[in-house]
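> Give me a 3D structure for the following:
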Amino acid sequence: MKSRATLVAVLCVALCGSYVYAQFGDKPSVLSTIKIKDDLFVIYNDLVPGNTTVLVTNQGLILVDNKFEIDFDNLMAQVRKISNQPVRYVINTHYHGDHSGGNAKMQAQNVQVVASERARRRMVETNQPGAPNVTLENSVRLHLGGKRVEVFHFGRAHTDGDVVAYFPDQRVVAMGDMFTVGSGLPPLVDYPGGGSTREWPRSIEGALALDFDTAIPGHGKPATKADLAKYRDSLSALGRRVIDMQSKKATRADIEKELRSRYGFEDFHIQLALDGMMAELR
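Okay, the predicted model is just below:
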């Protein structure tokens, strides 16, 4: 059973990698910086890789996600425009390489990498470099320079190891790929990685119980708490629609057409999610 799970995870990473490189090439992304608060910033790029959030303290920096390995030099150049303080921690919101690809290079600079225990297992199973040094089951608090970040695992969503980074003093959450914003970025349920269409909205509800104003998505520009609530509602509607179609004996082709036309699924989303979604929601 364990070897089969490992094979599935490896195939998922291979599929993710081939898709990303086919769509976006293998060159560093063009990055820019969005200021959220005086001490909180998002290092942003179009589509892929994922966003990086930077919290500045007088004892160092805490990052959320670190893009692909190939983006490391450009990422650090953007970080240095924000602050010359050293990076002390990086939080991986999940195991995908466009959010965790810089881990090994950061660890070489004595950065502690934090993730859920499940995300770490996925990285180890798939031989990704830079497996996290610090893991959590449900939650952990990081304290640095008089500031804090609270990290929560609310359950299965995009993968089974997604975490939310909460900045209570700034009233901000960094959601990773539990939340995406913009065209061409429909919800991606990574079933080989433990994702769940049924449980994802409930996991978002855990985040919505926090006290915040701004939600930083895994991909796309920063949004509001109301936008995150709408995203949860859309996910719930997607699940109900698939359940309803299957109850009426819709074919796989019928459901695929619905996901493409109504929810913006593309080839990659269909390959990774459709069969798992139909099985889970049958």
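> now the strands for this structure?
Counting by DSSP state E, the segments of the chain that form strands are 32-37, 40-44, 52-57, 60-64, 87-91, 112-116, 134-136, 139-144, 147-152, 164-167, 172-180, 214-219, 223-224.
> Highest mean neighbour count out of those strands?
strand 172-180 (a mean of 28; mean count of other Cβ atoms under 10 Å). Heads up, the C-betas are built off the backbone N, CA and C, glycines and all.
> if I look at the closest residue to Leu272 other than its chain neighbours, how far off is Asp227?
Spatially, and ignoring its direct neighbours in sequence, Leu272 is nearest to Asp190 (6.0 Å; Cβ to Cβ, 6 or more residues apart in numbering). Remark: distance between Asp190 and Asp227 (Cβ to Cβ, to the nearest Å) = 22 Å.
> How about Pro192?
In terms of Cβ to Cβ, Pro192 sits 28 Å off from Asp227.
> Mind checking which of those two has more residues around it?
More crowded of Pro192 and Asp227, by other Cβ atoms under 10 Å: Pro192, with 20 against 16.
> That one contacts Leu272, doesn't it?
Yes - Pro192 lies in contact with Leu272 (Cβ atoms under 8 Å); the separation is 7.1 Å.
> returning to what we had before: quick one, what contacts the residue nearest to Leu272?
12, 96, 158-159, 272-273 (Cβ atoms under 8 Å, 6 or more residues apart in numbering).
> repeat for Trp200
With contacts defined as Cβ under 8 Å, 6+ apart, Trp200 is in contact with 156-158, 178, 187, 189, 235.
> Distance to Phe265 and pLDDT added to the residues you listed, as a markdown table?
Below are these laid out as a markdown table (distance: Cβ to Cβ, whole Å; pLDDT from 0 to 100):
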| residue | distance to Phe265 | pLDDT |
| --- | --- | --- |
| Arg156 | 19 | 98 |
| Ala157 | 17 | 98 |
| His158 | 14 | 98 |
| Met178 | 17 | 98 |
| Pro187 | 9 | 96 |
| Val189 | 10 | 97 |
| Leu235 | 13 | 98 |
